[in-house]
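K.L.:
Pasted the sequence and its predicted model underneath.
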Amino acid sequence: PSIPGTLSPSWWKSCPVPCPGAAGSHRTRRGDRADRVLGSEKRFGKNNVILSDIRKPADNVFYSGPFIFADILDYKNLREIVVNNRITWLFHYSALLSAVGEANVPLARAVNITGMLHNVLDIAAEHNLRLFVPSTIGAFGPTSPRDPTPDLCIQRPRTIYGVSKVHAELMGEYYHYRYGLDFRCLRYPGIISADSQPGGGTTDYAVQIFHDAIKTGKFKCYLRPDTRLPMMYIDDCLKATLEIMEAPAEALTMRTYNISAMSFTPEELAQEVQKYVPELEMSYNVDQVRQAIADSWPMNFDDSNARRDWGWKHDYDLAELVTTMFSYLGSDSRIAQAN
């Protein structure tokens, strides 16, 4: 995860907190490319963005810039990090994702709620930080409008992950109005990245299919072929995150925004992948737990408020996503063949 900070427009200080999932892995496992995507070295200075995790960093992470150990459940440690490093912006990504959280509800409650609300919110408010917390399509439930899903509607999620994210959205908004905390939040769709292995999320089939297509030419999907969900390539995710953090406060009409780029089904993704791997054999073995989760989530996000308020615009559609994934996973020969 990450915690960043801004003392002035020209001086940045950023510190990461352990973060799982595609967005976090992109920042840590591929720090060199993440820097290019974010433009962080030019924008803020290499030493003003601090990465953190609870695991030992890979060499490319360790040598790419400042790195510190941070445990989201250790309030004293987090507070010391913020004070000692003069942190001003904090990006909080620590969370147990949807399917993983359902398998360990007590741990998900501790990490997603205690770590976020009892620690990060209080520290951010105390030290006047600009705080970013990602939310998710999982913050909605079966009673939410699904096609499209607006920013403001009934939510009622059915997973501990989703419940914790709604809790974070509301607490962040409360801290903003009660204490003046500069809280900013984006509801991410499914995030697809070549930099991370699938991490237990319901949308992770859209990452695994690329690995399996290259390695074995076969992929067994745990969702029905017609399961439509909103998705986004990691570079668009990082772009949107920085854009909302840099947006003037007066431009924001709400604290939590939907963002979207594309929406597709496993069948549609497979058809696009088969342009590069024509021999791909696609089969389905539906996981009832993950399918039930997916059936309660949005099919399409309405992100018109983000596009209007701070100029959000995605760069990657499905075709560009698939080309880029194969490029980074080392299938250049397949791309040449497809073209």
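P.N.:
Yes, it's here. Residues are numbered from 1 along each chain as shown.

K.L.:
any idea of the pLDDT on Ile153?
P.N.:
Just so we're on the same page, residue 153 is Cys rather than Ile. On the pLDDT scale, Cys153 is placed at 98.

K.L.:
What of Lys56?
P.N.:
So, for Lys56, pLDDT stands at 86.

K.L.:
a strand runs through it, doesn't it?
P.N.:
No. According to DSSP: H, G, I helix; E, B strand; the rest coil, Lys56 belongs to no strand; its state is coil.

K.L.:
and it, how many residues sit next to it?
P.N.:
Neighbour count for Lys56, taken as other Cβ atoms under 10 Å: 9. Where C-beta positions appear, they are placed from N, C-alpha and C, glycine not excepted.

K.L.:
Against Ala99, how distant is it?
P.N.:
26 Å (Cβ to Cβ, to the nearest Å).

K.L.:
Equivalent analysis for Asp182, please.
P.N.:
32 Å.

K.L.:
so how far is the longest helix along the chain off the chain centroid?
P.N.:
Counting by DSSP state H, the longest helix found in the chain is helix 160-179. The chain centroid and the centroid of helix 160-179 are separated by 17 Å, computed with Cα atoms, centre = their mean, to the nearest Å.

K.L.:
For the helix or strand that that helix is followed by, what is the distance to the chain centroid?
P.N.:
Downstream of helix 160-179, the next assigned helix or strand under DSSP states H and E is strand 182-188. The chain centre lies 11 Å from the centre of strand 182-188; the measure is Cα atoms, centre = their mean.

K.L.:
What helices and strands are in contact with the helix or strand that strand 182-188 is followed by?
P.N.:
Heading C-terminal from strand 182-188, the first helix or strand you meet, by DSSP H and E, is strand 190-192. Where contact means 3 or more Cβ pairs under 8 Å, 6 or more residues apart in numbering; DSSP states H and E, strand 190-192 is packed against helix 21-28, helix 205-215, strand 229-233, helix 234-246.

K.L.:
Can you give me the buried ones in stretch 109-123?
P.N.:
Across stretch 109-123, burial judged by 16 or more other Cβ atoms under 10 Å covers 109, 111-113, 115-117, 119-123.

K.L.:
Turn those residues into JSON lines, columns for secondary structure and distance to Pro157.
P.N.:
Listed next are those as JSON lines, based on DSSP: H, G, I helix; E, B strand; the rest coil; distance: Cβ to Cβ, whole Å:
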{"residue": "Arg109", "secondary structure": "helix", "distance to Pro157": "14"}
{"residue": "Val111", "secondary structure": "helix", "distance to Pro157": "17"}
{"residue": "Asn112", "secondary structure": "helix", "distance to Pro157": "12"}
{"residue": "Ile113", "secondary structure": "helix", "distance to Pro157": "13"}
{"residue": "Gly115", "secondary structure": "helix", "distance to Pro157": "19"}
{"residue": "Met116", "secondary structure": "helix", "distance to Pro157": "15"}
{"residue": "Leu117", "secondary structure": "helix", "distance to Pro157": "16"}
{"residue": "Asn119", "secondary structure": "helix", "distance to Pro157": "22"}
{"residue": "Val120", "secondary structure": "helix", "distance to Pro157": "20"}
{"residue": "Leu121", "secondary structure": "helix", "distance to Pro157": "20"}
{"residue": "Asp122", "secondary structure": "helix", "distance to Pro157": "24"}
{"residue": "Ile123", "secondary structure": "helix", "distance to Pro157": "26"}
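
K.L.:
and the two most separated of those residues?
P.N.:
Pairwise distances across the buried residues of stretch 109-123 (Cβ to Cβ) peak at 19.6 Å, for the pair Arg109 and Ile123.

K.L.:
Phe219 and Asn285 touch, don't they?
P.N.:
No. Counting by Cβ atoms under 8 Å, Phe219 stays clear of Asn285, with 10.7 Å between them.

K.L.:
More neighbours: which of the two?
P.N.:
With neighbours defined as other Cβ under 10 Å, Phe219 and Asn285 compare such that Phe219 has more, 23 against 8.

K.L.:
Please report how far the residue nearest to that one when sequence neighbours are not counted lies from Leu229.
P.N.:
Using Cβ to Cβ, 6 or more residues apart in numbering and skipping residues adjacent in sequence, the residue nearest Phe219 is Asp212, 4.3 Å away. Distance, Asp212 to Leu229, using Cβ to Cβ: 19 Å.
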